[in-house]
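[1] attaching a predicted model along with its sequence, questions to come.
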Amino acid sequence: LKPKAALISVGRENDYGHPAPEIIAALERGQAAVFRTDVLGTIPLAAGGGHLEVAALR
């Protein structure tokens, strides 16, 4: 897969070490925009017309 974006829902300083560094590296190599709740907090999405957008970045 070659996602354009990835939304990762994860708690800050979680005990599991998520997200794994190799996953973030793979997403970045594929030039996917990465949105993480541990970094950005709540990430609002907007859907319509067959599209899904990160609402805060419109």
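    Here it is on my side, so go on.
[2] tell me where the protein has strands.
    Per DSSP state E, the chain carries strands over the ranges 5-8, 33-36, 45-48, 51-54.
[3] and the ones you listed, which one is worst for confidence?
    Lowest mean pLDDT within those: strand 51-54, a mean of 85.
[4] residues making contact with the longest helix that the chain contains?
    Under DSSP state H, the helix in the chain containing the largest number of residues is helix 21-29. Here helix 21-29 makes contact (Cβ atoms under 8 Å, 6 or more residues apart in numbering) with 3, 6, 34. C-beta: built from backbone N, CA, C; applies to glycine.
[5] re the thing from before, adding mean neighbour count and distance to residue 22, write the strands of the chain out as CSV.
    Listed next are those as CSV, based on neighbours: other Cβ atoms under 10 Å; distance: least, Cβ to Cβ, whole Å:
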stretch, mean neighbour count, distance to residue 22
strand 5-8, 16, 13
strand 33-36, 16, 13
strand 45-48, 10, 26
strand 51-54, 12, 24
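[6] now distance to residue 19 too, for those, in TSV please.
    Conversion of these to TSV gives the following (distance: least, Cβ to Cβ, whole Å):
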stretch	distance to residue 19
strand 5-8	5
strand 33-36	7
strand 45-48	19
strand 51-54	17
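[7] centre-most residue in the protein?
    Using Cα atoms, centre = their mean, the residue of the chain that lies closest to the mean C-alpha position is residue 7, 2.4 Å off.
[8] I'd say it and residue 43 touch.
    Yes - shown here, residue 7 and residue 43 form a contact pair, counting by Cβ atoms under 8 Å, at 6.1 Å.
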